[in-house]
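[1] Sharing a sequence plus its predicted fold:
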Amino acid sequence: MSQAPVSRPRRLEIDMGYVETVLLRLLRTPSPTGRTDHVVQYIGEELVAMGLDLSVTRRGLLNATLQGGRPGPDRAIVVHADTIGCMVVRLKDNGRLEIAQLGTHSARFAEGANVTIFPDAHGISFTGTVLPLKSSGHQYGDEVDTQGIGWPLVEVRVDEPVSTVEDLKALGLQVGDFVALDANPVLTPKGFVKSRHLDDKAGIAAALGAFRAVVQSGLELPVSAHLLVTIAEEVGHGATHGLDTDVAEMVAVDNAVVAPGQQSREDRVNIAMLDSTGPFDYHFSRRLLALCAEHEIPYTRDTFRHYRSDAASAVEAGLEMRTALVGFGVDSSHGHERTHLDGVQAVGELLAVYLQTELTFPEWDVAERGALEHFPSGRVQPAPLEDVIRADDS
C-alpha cells in the first residue's frame, strides 16, 4: 500500500463490526494470568494480518510495530491479554476444589460463576461452578446469608461424578491447575456489553481497531508506534519488559472505574490523571485531552484510588518515558462487568488520532537526557512564587 504524505491528524472511522467480532472472540478465549498462550496467538495473528512487524518474547509478550516516517524514539500503546482467574490449591475430601485468586478480586463476585478447569493434560478441560460452602437454602436456611465472604469460604463443584479426593485425582486434577471464570458475554440491543474480563479485552479490541484504521488509511505516521500486549498485568508486572528502551511515551489502555464518586462513563473515553501509584505525566495527559476536544471525541477526566496499570510497571522497571492512561468505562470492574460499544469506539478513535501526531515535545523527547536550558519547564508548566508574609517584629 502506498503511503500518503504526513498531514494534519484526523478522526478516522473505526470498523465497529471488526471490533465487536474481535471482542467476542477474546472474551470467549480463557486467559487467566499465567495461562495466556492461546489468546496471545490469536492477537498475534490479527496483527500479522494487518501487515505489522511482530516479535514475541520468551514468555509470550507481543510487540507489534507500525513503522513511522523517521527513526526513533518511538511511542507505544500497551494493553494486557491476561485476566483475573483462580488456581486450585487443594483437592477436598468432598470431591470439590479449594481455589485461590489470580489477581485482585473478591470471592463475593466469584460465587455462582461458571468456570473452566484446565488440568495439565493437553486438550482436556472440565466445567464447574464456584459456590459458597453453605449454598443450599433448603439445608442451611438463614446461614446462607450470614456466612462470611472470602476465598477459604468458597469451593468449586466439578461437573463430573466425583465425591472424593481419589475421584478428582482420577480425572487428572491437581494442585496448581488453572481455573478460568467463564466470561458469558452478552451484547444488548442498546449497545451495552455485559461480560467478565472486559478488563482488558475491550481495550485490546479498541487498540486493534485503531491500528487497523490507521493501516487502512494509508497515512504515513511521523513516529513509529508499538502495540505491546502484556500477559501479567493483573499481578502487577505486565509491562516490565518487552519494549525497546528507545520509547519516549506510552499510553496504557485499560478499564476506567464507573462507580459512585467517579467521573468515568461507559459511553466515552476516560483520561486518568492519577491512580494509586501517583499522577500520570502532566503534559502527555493534557495533550490527549486536547486531542479529544479538538476532534470532538466525547471524554471525561478522572482519578482512581485502588488502581494500577501497565504504565506503573513500565516506569518501575526503569523505562524513561512519559505515561498516560486511557480507559473505556466499566461498571462493576473485576465483578459483573459492563461497558458500552460507544466508549470502546471512542477509545479507538482517540488512539487512531494519537498515532498520527508527533511526540509530546518533538525536540526535547528525542533523547532520555538533555541540557537544562532546553528543558521545557516554566514556559509550559509555570509555578508562580508564593508571596512572602513577614511577621511584624514590633
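    All right, it came through fine. On a predicted model such as this, the values are computed, not experimentally measured, just so you know.
[2] so what are the domain limits for the chain?
    Per the record, the chain has its domains at 16-83+197-368, 85-181, by automatic domain parsing.
[3] so where do the helices sit in the stretch 201-350 of the chain?
    282-294, 310-316, 341-355 (DSSP state H, counting those that start in this stretch).
[4] which other helices and strands contact the longest one?
    Judged by 3 or more CB pairs under 8 Å, 6 or more residues apart in numbering; DSSP states H and E, the packing partners of helix 341-355 are helix 16-27, strand 74-80, strand 192-194, helix 198-217, strand 247-258, strand 269-275, helix 282-294, strand 322-331. The way it works is simple: take the backbone N, C-alpha and C, and place the C-beta from them, glycine included.
[5] To His237, which of those lies closest?
    strand 74-80 (10.8 Å; CB to CB).
[6] Just checking, which helix or strand succeeds the closest one along the chain?
    strand 85-91 (DSSP states H and E).
[7] tell me the mean pLDDT for the next helix-or-strand element following that next one?
    As assigned by DSSP H and E, the chain's next helix or strand after strand 85-91 is strand 97-102. The average pLDDT for strand 97-102 rounds to 98.
[8] what does the helix or strand following strand 97-102 contact?
    Using DSSP H and E, the helix or strand that directly follows strand 97-102 along the chain is helix 107-110. Residues external to helix 107-110 that are found in contact with it (CB atoms under 8 Å, 6 or more residues apart in numbering): 86, 101, 130, 149-151, 153-154, 181, 332, 334-336.
[9] got a winner among these for most neighbours?
    Counting neighbours by other CB atoms under 10 Å, the top entry in these is Cys86, with 28 neighbours.
[10] Looking at the contacts of helix 107-110, spot the one nearest Trp364.
    Of these, the one sitting nearest to Trp364 (CB to CB) turns out to be His334, at 38.1 Å.
[11] which non-adjacent residue is nearest the closest one?
    Nearest residue to His334, sequence neighbours excluded (CB to CB, 6 or more residues apart in numbering): His105, at 4.3 Å.
[12] quick revisit: now, which of the contacts of helix 107-110 lie within strands?
    Secondary structure defined by DSSP state E assigns 86, 101, 130, 154, 181 of those to strands.
[13] Could you report the neighbour count for Glu316?
    By other CB under 10 Å, 14 other residues sit near Glu316.
[14] contacting residues for it?
    With CB under 8 Å, 6+ apart, Glu316 has these contacts: Thr240.
[15] and if you look at the one 3 residues further on?
    Residues in contact with Leu319, defined by CB under 8 Å, 6+ apart, are 239, 243, 245, 247, 250.
[16] got it, and Tyr354?
    Contacts of Tyr354 (CB under 8 Å, 6+ apart): 9, 251, 288, 291.
[17] if you set the cut-off to 10 Å instead, what comes out?
    9, 75, 77, 210, 214, 223, 225, 249, 251, 287-288, 291-292, 295, 324, 326 (CB atoms under 10 Å, 6 or more residues apart in numbering).
[18] on that earlier part again, indicate which one of the helices and strands packed on helix 341-355 is closest to Glu368.
    strand 247-258 (8.6 Å).
[19] so what strands line up beside that closest one?
    strand 74-80 (parallel), strand 322-331 (parallel) (DSSP bridges).
[20] Need those strands in TSV (columns: mean pLDDT).
    Shown next, in TSV, are the strands paired with strand 247-258 (pLDDT from 0 to 100):
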stretch	mean pLDDT
strand 74-80	97
strand 322-331	98
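[21] For burial, what's the neighbour tally of Thr29?
    20.
[22] before we move on, back to that, looking at the strands paired with strand 247-258, which is nearest to Leu27?
    Taking the strands paired with strand 247-258 one by one with CB to CB, strand 322-331 is closest: 13.0 Å.
[23] just the angle between the closest one and helix 198-217, please?
    Put simply, strand 322-331 runs at 120 degrees to helix 198-217, going by axes from the mean of the first three to the mean of the last three CA atoms, to 10 degrees.
[24] you'd agree Ala206 is up against Asp342?
    No: with contact taken as CB atoms under 10 Å, Ala206 and Asp342 are classed as non-touching, separated by 11.5 Å.
[25] between those two, which one's more packed in?
    Ala206 (31 against 19).
[26] Per-residue pLDDT of the more buried one, please?
    pLDDT at Ala206 comes out at 98.
[27] Give me the common contacts of Ala206 and Asp342.
    269, 328.
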